[in-house]
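Peer 1: no sequence on hand, only this structure:
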């Protein structure tokens with residue numbers, strides 16, 4: 001398994017959203033997509049945005065401000081395009097309708113894959129960072145090191161572990177073939 005580095009892709013997405021909003025000026029002003037979505041005239045998008053999406057953001061650890069801001073920006077932007085642009089609105093609503101038709105089929109699958117928010121990756125990473133800070137304060141962890149719990153969330157450490165696992169897997173496969 002190879003870890004996909006997404007930081008560069010996230011930066012490109014940030015720049016794309018910035019550029020689009022800069023180019024999509026109305027009366028010389030950048031559109032206020034948050035206001036548009038909050039008071040959206042389409043009842044489907046209004047409910048999705050104000051009831052479902054905003055509720056999801058509340059499930060994040062309050063210290064996960066960067067993650068909350070990114071999710072808010074990206075999803076609001078995508079929903080705003082689907083709401084404002086007929087070319088995207090109709091296929092989006094069609095897809096939503098199809099998903100709702102499949103509710104009974106999808107719910108058991110989702111139940112297996114969806115965790116409560118206290119088990120979400122970013123919320124656990126924040127909790128592990130707090131363990132690191134406590135260890136630094138009480139002297140059990142040197143400044144600049146990580147708690148054992150936090151190492152599971154640090155991309156460079158994860159990548160090193162996966163590279164090592166990949167090497168072991170190849171070695172085992174070689175031994176099996178001999």
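Peer 2: Yes, it's here. None of these values were measured; they are calculated from a predicted model. Numbering: from 1, shown residues only.

Peer 1: average pLDDT for the helix or strand harbouring residue 163?
Peer 2: When elements are assigned from DSSP states H and E, residue 163 belongs to helix 155-177. For helix 155-177, the mean per-residue pLDDT is 84.

Peer 1: same question for stretch 84-98.
Peer 2: On average, stretch 84-98 scores 92.

Peer 1: got the domain ranges for this structure?
Peer 2: The record's domain parsing of the chain by automatic domain parsing lists 7-114, 121-177.

Peer 1: adding mean neighbour count, write these out as a markdown table.
Peer 2: (Each C-beta comes from the backbone N, C-alpha and C, glycine too.) Shown next, in a markdown table, are the domains of the chain (neighbours: other Cβ atoms under 10 Å):
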| stretch | mean neighbour count |
| --- | --- |
| domain 7-114 | 13 |
| domain 121-177 | 13 |
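
Peer 1: helices along the chain, start to end?
Peer 2: 7-23, 33-38, 43-47, 54-58, 65-84, 86-101, 103-113, 121-138, 148-151, 155-177 (DSSP state H).

Peer 1: and the gap between the residue most central in space within the chain and residue 9?
Peer 2: Nearest residue to the geometric centre of the chain (Cα atoms, centre = their mean): residue 71, 6.0 Å. Per Cβ to Cβ, to the nearest Å, residue 71 is found 15 Å from residue 9.

Peer 1: over to residue 151?
Peer 2: 24 Å.

Peer 1: likewise for residue 166?
Peer 2: 22 Å.

Peer 1: ok, residue 114 next?
Peer 2: Where residue 9 is concerned, residue 114 sits at a distance of 24 Å (Cβ to Cβ).

Peer 1: just residue 146 next, same as before
Peer 2: According to Cβ to Cβ, residue 146 and residue 9 sit 25 Å apart.

Peer 1: kindly report the same for residue 65.
Peer 2: Note on residue 65: its distance to residue 9, by Cβ to Cβ, is 21 Å.

Peer 1: now do residue 172
Peer 2: With Cβ to Cβ as the criterion, residue 172 and residue 9 are 32 Å apart.

Peer 1: residue 89 touches residue 83, doesn't it?
Peer 2: Yes. Using Cβ atoms under 8 Å, residue 89 makes contact with residue 83 at a distance of 6.5 Å.

Peer 1: how far is stretch 124-132 from where the chain is centred?
Peer 2: Using Cα atoms, centre = their mean, to the nearest Å, the mean C-alpha position of stretch 124-132 is found 18 Å from that of the whole chain.

Peer 1: with stretch 58-70 instead?
Peer 2: On Cα atoms, centre = their mean, the centre of stretch 58-70 falls 10 Å from that of its chain.

Peer 1: how far does it stretch from start to finish?
Peer 2: In stretch 58-70, first residue to last residue: 14 Å (Cα to Cα, to the nearest Å).
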